[in-house]
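Participant: sequence-free structure coming up:
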């Protein structure tokens, strides 16, 4: 299973790197978008799939690149001034990193899968501030196992999700990290094929995972909830025909945003669902007349989220939407060369986000890493008293997951 952002792209125009100054809608705090130079490895494709920022000057982005003979894990680090490539393990013939979650500058988990002339197997890497190391995962068998997302609330509490093949259909896959080892958790499945694309945890006993399942005729949105003891399926809207949820971001047990796309019988449209602690509801989001795909969302509060993806008209172009608690607004965003796809966003405040992805370079005809810096004026500082939280129920950074 490949995410919507993995669609093959083959168009060419001149290279353009630059900054777009945005018209700031009422209530918006992001008012500029800049393409930030980022490194590429080898002479083949380079793709960024996920980014996790701890501060404005500390981010980790992951993905994969082609070294001429196989796919290799790709890890970039942001220090506030520039991106640099970090060494990372490649235990299989082909290695893909799809998600990263950091709780500090010295603690990150990245997940994906490796494929070495055999069914895909889950891949988990850990960052200790100095180097990346491969962690053992509990899934190693004759069938394929893929991890698409991870969310950590502390160094000793992470949840990773994806899917595995049981010999006839794909089933939801959930792994839990306790700081020492990974364990597979039971998770519900609906219809036939089930895929979990994203997970967001706010405490060790509160997580939401999203994706889609095949009901026998079309794909439907899939939402699972963790209460510390078991995963349960939640009812969720299914507008149009095929529905895909690609990402979720929660800031509390009663406030989550999930994004993706649905088919309205003519084109794909952006899909945004909102959780209020009781039920999921579809909320309006901007769409062009062409295909619109949302691949990622990052929320820092119930009234401040950024979602990214691409608008595929005459060719994929970056798509950035902003939520102010009342409505979604499309922001102008820059593009590099011809075809551009944003796969991930991570916000540290309502006025500071990083978005990553890739673009197709007409010079060499390969995909190259793409990084956008989304910024705006700092909102007025307010003083609030954070809730008391037991050490066993640590709150996750809102920008992680």
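Facilitator: That came in fine, so what should we check first? Since this is a predicted model, take the numbers as computed values, not measurements.
Participant: what about the strands in the stretch 1-150 of the chain?
Facilitator: 19-21, 32-35, 46-55, 58-66, 71-78, 83-86, 94-104, 107-115, 121-127, 132-135, 145-154 (DSSP state E, counting those that start in this stretch).
Participant: residues touching the residue nearest to residue 124 when sequence neighbours are not counted, list them.
Facilitator: Closest residue to residue 124 apart from its sequence neighbours, by Cβ to Cβ, 6 or more residues apart in numbering: residue 135 at 4.4 Å. (Each C-beta comes from the backbone N, C-alpha and C, glycine too.) Contacts for residue 135 (Cβ atoms under 8 Å, 6 or more residues apart in numbering) come out as 109, 124, 125, 126, 182.
Participant: Adding pLDDT as columns, could you present the residues you listed in a markdown table?
Facilitator: Formatted as a markdown table, the contacts of residue 135 follow (pLDDT from 0 to 100):
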| residue | pLDDT |
| --- | --- |
| 109 | 98 |
| 124 | 97 |
| 125 | 98 |
| 126 | 98 |
| 182 | 97 |
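Participant: Out of these, flag the one nearest to residue 74.
Facilitator: Distance to residue 74, by Cβ to Cβ, is smallest for residue 125 among those, at 11.3 Å.
Participant: count of neighbours near that closest one?
Facilitator: Residue 125 has 23 neighbours, counted by other Cβ atoms under 10 Å.
Participant: For residue 337, what is the enclosing helix or strand?
Facilitator: Residue 337 belongs to no helix or strand when elements are defined using DSSP states H and E.
Participant: Is it in contact with residue 364, as I believe?
Facilitator: No - with contact defined as Cβ atoms under 8 Å, residue 337 does not count as touching residue 364 (10.5 Å).
Participant: neighbour count winner among the two?
Facilitator: residue 337 (19 against 12).
Participant: measure that one to residue 357 for me?
Facilitator: Separation of residue 337 from residue 357 (Cβ to Cβ, to the nearest Å): 13 Å.
Participant: same deal with residue 375?
Facilitator: Distance from residue 375 to residue 357, by Cβ to Cβ: 18 Å.
Participant: Tell me which of these two has more neighbours.
Facilitator: Comparing residue 375 with residue 357 by neighbour count (other Cβ under 10 Å), the higher total belongs to residue 357, at 31 against 18.
Participant: okay, the residue nearest to residue 124: pLDDT?
Facilitator: For residue 135, the pLDDT comes out at 97.
Participant: cool, and residue 252?
Facilitator: Residue 252 is assigned a predicted lDDT (pLDDT) of 98.
Participant: which element is the nearest residue to it once chain neighbours are set aside on?
Facilitator: The shortest distance from residue 252 to any non-neighbouring residue, by Cβ to Cβ, 6+ apart, is to residue 202 (5.9 Å). If you go by DSSP H and E, residue 202 is part of strand 194-203.
Participant: avg pLDDT for that strand?
Facilitator: In this model, strand 194-203 carries a mean pLDDT of 98.
Participant: helix or strand right after it?
Facilitator: Counting by DSSP H and E, what follows strand 194-203 is strand 206-214.
Participant: who does that next one pair up with?
Facilitator: Next to strand 206-214 in the sheet, as set by DSSP bridges, lie strand 194-203 (antiparallel), strand 219-226 (antiparallel).
Participant: ok now do the closest residue to residue 142 other than its chain neighbours, which residues does it touch?
Facilitator: Closest residue to residue 142 apart from its sequence neighbours, by Cβ to Cβ, 6+ apart: residue 119 at 6.5 Å. Residues in contact with residue 119 (Cβ under 8 Å, 6+ apart) are 142, 143, 144, 145, 165.
Participant: so what's residue 362 scoring on pLDDT?
Facilitator: At residue 362, the pLDDT value in this model is 86.
Participant: Repeat that for residue 48.
Facilitator: You'll see residue 48 listed with a pLDDT of 98.
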